[in-house]
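J.: Pasting the sequence and the predicted coordinates here, then a few questions.
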Amino acid sequence: MEVAQVITINFRDAHGGESGTVTTEVGPTLMEVATMNNVAGVIAECGGGASCGTCHVYIDERWSAMLPVPEPEESDLIEFLDGVQPNSRLACQLVLEENLDGMIVTTPLAEG
C-alpha cells in the first residue's frame, strides 16, 4: 500500500500577513486546495478552466523556478489582469507536487 505524499502550502494576503498554512496531498491544483480551504482571494469562478483569472496568485520567488513555464493560455489571460507581477500565476494551472512542499503563495487584494 502506497502512502500519499503530504505537503504544506503557506498562503499570505497581499499585505504580507499570514493567511494560513494548508496541508494537502500531492496531485490537486493549487486552486482546488485554496478553494477547499476557503483561502481568501482565490475565487475560481470558472472552476479551473483558465478563463476568468479569479485564481490569480503571486508565487514566492524561491518557488517560481520550480514551476513549469505557463502555457500560452495562462500567459495570455494573466497579461490582462490587474496587479500583474513577474511572479503572477493562475492557481488552476499549478498541480501540486512533492517539490513544492512549503511553497509560499500570496493572494492579491480582494476587490471591494
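T.: All right, it came through fine.
J.: From the centre of the protein outward, give me the first residue you hit.
T.: residue 91 (3.4 Å; CA atoms, centre = their mean).
J.: now that one: how far from residue 3?
T.: 26 Å (CB to CB, to the nearest Å). The C-beta positions use only the backbone N, C-alpha and C, and glycine is treated the same way.
J.: And residue 41, what's its pLDDT?
T.: pLDDT recorded at residue 41 is 88.
J.: can you offset everything so residue one is 837?
T.: All set: I'll call the first residue 837, so the last point we hit is now residue 877.
J.: correct me, but it touches residue 919?
T.: No - with contact defined as CB atoms under 8 Å, residue 877 and residue 919 do not form a contacting pair (10.9 Å).
J.: Spit out the residues that contact the two alike.
T.: Taking CB atoms under 8 Å, 6 or more residues apart in numbering as the criterion, residue 877 and residue 919 both touch 944, 945.
J.: State the number of residues packed around the nearest residue to residue 924 once chain neighbours are set aside.
T.: The shortest distance from residue 924 to any non-neighbouring residue, by CB to CB, 6 or more residues apart in numbering, is to residue 914 (5.2 Å). If you count neighbours by other CB atoms under 10 Å, residue 914 ends up with 18.
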